[in-house]
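Trainee: Structure of the sequence below:
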Amino acid sequence: MYGGLASHGGFIGGFIVAYLFLKKKKISIRKISDSIVPLVILGEAFVRFGNFMNGEAHGVPTTLPWGIVFPQGSPAGDEFPNIPVHPTMLYQLIYNLIVFSFIWFYLRKKQFSDGFIAAISIILYSVGRFFIEGLRADSLYIGPLRTAQLMSIILIFFNESFNI
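Mentor: Residues are numbered from 1 along each chain as shown. Take a look at the predicted model:
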């Protein structure tokens, strides 16, 4: 059995710790989050590369030409021996790089209210994660939705509702 930490849980835990720390120091979380959240998304791109090297966070079988056969001993190789699967970890890596690049090269140069860049970053990440998660083979479910899809929906509406 394989296991690991989920990125949504890491984001939420990191947010809670940062919120409590910044509140104690009387620093605006909205200002700081505009600098930190895009970098977290960039950091997760590197995490997804690690998932690729370990054959974790893998997709379902595919006949597409870019399907990858992972070696035995990896989560993907053990679940689908000698069968090409969607490299969902690479999809997420590429998507995260696109989101980060959009924010870094386009949004960062414009004037927005504090927290806007963080909110857009989280919303864009969550939209991509929602769809990529639909191709994963190793998802946990809550009812009819995969846990990461449900968390993505919650993060989208949380950001929209509170304009963080």
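
Trainee: Can you mark which positions in stretch 102-111 are buried?
Mentor: In terms of neighbour count (16 or more other C-beta atoms under 10 Å), stretch 102-111 has its buried residues at residue 103. C-betas here are computed from N, CA, C, even on glycine.

Trainee: Could you write out the alpha-carbon coordinates of that stretch in CSV?
Mentor: Coordinates of the C-alpha atoms in stretch 102-111 are reproduced here as CSV (Å, rounded to 0.1, in the frame of the first residue of the first chain):
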residue,chain,number,x,y,z
PHE,A,102,0.7,33.6,-16.3
ILE,A,103,0.8,35.1,-12.9
TRP,A,104,4.5,35.9,-12.9
PHE,A,105,4.8,37.4,-16.4
TYR,A,106,1.3,39.0,-16.7
LEU,A,107,-0.6,39.6,-13.5
ARG,A,108,2.3,40.5,-11.3
LYS,A,109,2.9,43.7,-13.3
LYS,A,110,-0.6,45.0,-12.8
GLN,A,111,-2.2,46.7,-9.8
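
Trainee: what bits of the chain have low per-residue confidence?
Mentor: For the chain, the stretches with pLDDT under 70 are 1-6, 8, 160-164.

Trainee: those helices in it, which residues are they?
Mentor: 7-25, 29-54, 75-79, 88-105, 116-133, 147-162 (DSSP state H).

Trainee: among the ones you listed, which is nearest residue 140?
Mentor: helix 147-162 (4.5 Å; C-beta to C-beta).

Trainee: The closest one packs against which elements?
Mentor: Under the contact definition 3 or more C-beta pairs under 8 Å, 6 or more residues apart in numbering; DSSP states H and E, helix 147-162 sits against helix 7-25, helix 116-133.
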